[in-house]
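S.K.: Test case, fold it:
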Amino acid sequence: MKADISLKFLKSALSTDGAYSLANIKTWLKQRNESVHVSVERVPFKALDKWHFDTSGVLRHESGKFFSIEGVQVKTNWGSVSSWDQPIINQPEIGYLGIITKEIDGLLHFLLQAKIEPGNMNNVQLSPTVQATKSNYTQVHQGKKPTFLEFFQHAKPYQVMLDQLQSEQGARFLRKRNRNIIIKVDEEVPPHEDFIWVTLGQVKELIKSDNLVNMDTRTVISGIPYGQFDSNTIDFFYSISFKKRENDFEFEMLRSALDISSAFYTLDEILNWLTVLKCHYEVQLASKSVYDIKDWRVTDEEIAREDKQFFRVIAANIEIENREVSKWMQPLVEPMQEGIIAFIVKKINGVFHFLVQAKLEPGNFDIIEMAPTVQCITGSYKNSDDVPFLGFVLNVPPTLIRYDSMQSEEGGRFFREQNRNLIIEAGPEFPMEVPANYTWVSLQQLNVFLKFNNYLNIQSRSLISAIRFI
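M.R.: Numbers count the residues shown, from 1 in each chain. Sure, this is the predicted structure:
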């Protein structure tokens, strides 16, 4: 059964032709964008309806639900900065990020939504079928239930194709996780103007474009398994399925995703590497009033650092026509700069390996998660000499860049935050020896770790979702 599921996913990933063409999907997205009224207006904190700063210096909703903005002091033995203060989003609920799939003409299709979040770069983005916090789907806002939620609430075990708890941004959220789930249905799904059926290959093709596929869709599809095969079987698969091309980077990525015999390190060795780091490094958090966090100030309109670095918290008055609630107010986190996220990949033992870093962030559930080679989502990274491999990434010849796009973070909490996402192929001259908190991992091994909680961070998953096989 598991092999059958993996092959269905793989077949869909290898097809960019589906119930709708890519051109039709893009036209539909454009039409949805033009048909829905959206207004996001910055307001002072005192104007926020149903939100307030409480006596402990926490910005929270009057219901005690949704999320809150709190202050924390961070102490750690990781890196060159041992202590700092910052605001952090505390959202202890586990939300749904769910995608319904269905076979159409023998090919697995994914039901995605044209969804508008207040912080989106371009309003409409392709989102999971259901993208909802517990406060949303339990209707704390007294609005409508998310469309198609009942398919997930009543799903039978045999319908579940993928079910994972995955983390969100550890630098901004306090131990936040969502349930990433994919189910398969056989019955008819009622048509809806805000939803469309697409193949996995089409989703991956759309991720090549800036800010079309939202973060939540990317994190769900990143965990999709494609099966395990030996190298001879993969060569046979290639010989009967593919025409020889000058650049076979995509197929070699498929080999890295399927090959179980060519990884440089075993899974046990990678686990040992990660466990040693988790035992050596620690992080301690202490709650503080947002009025007392060092180097930050609270004004009528923002919570921001005095030097204008990293991010700030603002307040917004929001109107979006096709939401469960069409008008509301909330805080949003706005970045001060765009960031850069990059994986360096290198062929080892005939299979592409990813240069992964173990990264400690204050909001991580288990101290350290595996991150891309370079992850600079805040700060003036172009002026930093302290980030390993950043100089290589910023100065790499364009001929070595295999993927390059701007992708935004989740617009329900972050206001117009986008990062440059890169996958770079390094040649044989790139060193095998790397710093102690880095290691080489095959794509197949990354997919194994994705089955479990708190191993790969959301920036890694965003890049993995963009990997195409055709």
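S.K.: how about the helices in the stretch 51-200 of the chain?
M.R.: 134-137, 149-153, 200-206 (DSSP state H, counting those that start in this stretch).
S.K.: Export those as JSON lines, with columns for mean neighbour count.
M.R.: Where C-beta positions appear, they are placed from N, C-alpha and C, glycine not excepted. What follows is those, written out as JSON lines (neighbours: other Cβ atoms under 10 Å):
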{"stretch": "helix 134-137", "mean neighbour count": "19"}
{"stretch": "helix 149-153", "mean neighbour count": "16"}
{"stretch": "helix 200-206", "mean neighbour count": "24"}
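S.K.: Leu108: which of these is closest?
M.R.: With respect to Leu108, and counting by Cβ to Cβ, the nearest of the helices of the stretch 51-200 of the chain is helix 200-206 at 7.1 Å.
S.K.: the bottom helix or strand of this structure by mean pLDDT?
M.R.: Across the helices and strands of the chain, mean confidence by mean pLDDT, DSSP states H and E is lowest for helix 134-137: a mean of 73.
S.K.: if we can go back for a sec, any chance of the helices of the stretch 51-200 of the chain in JSON lines, plus distance to Phe310?
M.R.: Formatted as JSON lines, the helices of the stretch 51-200 of the chain follow (distance: least, Cβ to Cβ, whole Å):
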{"stretch": "helix 134-137", "distance to Phe310": "27"}
{"stretch": "helix 149-153", "distance to Phe310": "35"}
{"stretch": "helix 200-206", "distance to Phe310": "30"}
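S.K.: Quick check: Arg42 touching Val313?
M.R.: No - assessed by Cβ atoms under 8 Å, Arg42 is found out of contact with Val313, at 11.5 Å.
S.K.: These two - which one has more neighbours?
M.R.: Val313 (21 against 14; other Cβ atoms under 10 Å).
S.K.: Secondary structure element holding that one?
M.R.: strand 311-320 (DSSP states H and E).
S.K.: Report the buried residues of that strand.
M.R.: Buried residues in strand 311-320, defined by neighbour count with 16 or more other Cβ atoms under 10 Å: 311-318, 320.
S.K.: and it, what does it pack onto?
M.R.: Helices and strands touching strand 311-320, by 3 or more Cβ pairs under 8 Å, 6 or more residues apart in numbering; DSSP states H and E, are strand 38-43, strand 303-305, strand 327-335.
S.K.: right, and the ones you listed - which one's nearest Leu258?
M.R.: Closest among these, using Cβ to Cβ: strand 327-335, at 36.8 Å.
S.K.: May I see the buried residues of that closest one?
M.R.: Buried, per 16+ other Cβ under 10 Å, within strand 327-335: 328-335.
S.K.: Tabulate these in a markdown table, adding columns for distance to Val198 and pLDDT.
M.R.: Formatted as a markdown table, the buried residues of strand 327-335 follow (distance: Cβ to Cβ, whole Å; pLDDT from 0 to 100):
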| residue | distance to Val198 | pLDDT |
| --- | --- | --- |
| Trp328 | 29 | 95 |
| Met329 | 33 | 96 |
| Gln330 | 30 | 97 |
| Pro331 | 33 | 98 |
| Leu332 | 29 | 98 |
| Val333 | 30 | 98 |
| Glu334 | 31 | 97 |
| Pro335 | 29 | 95 |
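S.K.: Flag the shaky bits of this protein, pLDDT-wise.
M.R.: 1-3, 137, 139-143, 240-247, 378-384 (pLDDT under 70).
S.K.: Direction included, what does the strand holding Val313 pair up with?
M.R.: strand 38-43 (antiparallel), strand 303-305 (antiparallel), strand 327-335 (antiparallel) (DSSP bridges).
S.K.: Identify whichever of those strands lies nearest to Ala466.
M.R.: Ranking these by proximity to Ala466 (Cβ to Cβ) places strand 327-335 first, at 20.6 Å.
S.K.: residues in contact with that closest one?
M.R.: By Cβ atoms under 8 Å, 6 or more residues apart in numbering, the list of residues contacting strand 327-335 from outside reads 43, 47-51, 59, 66, 69, 89, 118-119, 141, 172, 310-319, 377-378, 413-417.
S.K.: I'd like the next helix or strand past it.
M.R.: Using DSSP H and E, the first helix or strand after strand 327-335 is strand 339-348.
S.K.: partners of that next one, with directions?
M.R.: For strand 339-348, pairing defined by DSSP bridges yields strand 351-360 (antiparallel), strand 374-376 (antiparallel), strand 418-426 (parallel).
S.K.: The next helix or strand after the shortest one - contacts with which helices or strands?
M.R.: Using DSSP H and E, the helix or strand that follows strand 374-376 towards the C-terminus is helix 390-394. Counting contacts by 3+ Cβ pairs under 8 Å, 6+ apart, the secondary-structure elements packed against helix 390-394 are strand 339-348, strand 374-376, strand 418-426.
S.K.: Now render those strands as TSV, adding mean neighbour count.
M.R.: Formatted as TSV, the helices and strands packed on helix 390-394 follow (neighbours: other Cβ under 10 Å):
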stretch	mean neighbour count
strand 339-348	22
strand 374-376	24
strand 418-426	21
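S.K.: Of all those strands, which one is nearest Ile100?
M.R.: Closest approach to Ile100 among the helices and strands packed on helix 390-394 is made by strand 418-426 (26.4 Å; Cβ to Cβ).
S.K.: Distance from the closest one to the middle of the chain?
M.R.: Relative to the centre of its chain, strand 418-426 is centred 14 Å away, using Cα atoms, centre = their mean, to the nearest Å.
S.K.: Between strand 351-360 and whichever helix or strand comes after it, find me the angle.
M.R.: For strand 418-426, the following helix or strand on the C-terminal side (DSSP H and E) is strand 438-442. Inter-element angle recorded for strand 438-442 and strand 351-360: 140 degrees (by axes from the mean of the first three to the mean of the last three Cα atoms, to 10 degrees).
S.K.: what comes into contact with strand 438-442?
M.R.: Under Cβ under 8 Å, 6+ apart, the answer for strand 438-442 is 256, 259, 262-265, 270, 273, 346, 348, 351-358, 370, 373, 388, 432, 434, 449.
S.K.: What is the most widely separated pair among the buried residues of strand 327-335?
M.R.: Trp328 and Pro335 (22.2 Å).
S.K.: dump the residue contacts of the closest residue to Leu59 other than its chain neighbours.
M.R.: Among residues not flanking Leu59 along the chain, Ile69 sits closest, at 4.0 Å (Cβ to Cβ, 6 or more residues apart in numbering). Ile69 makes contact with 58-60, 87-90, 290, 303, 313, 331, according to Cβ under 8 Å, 6+ apart.
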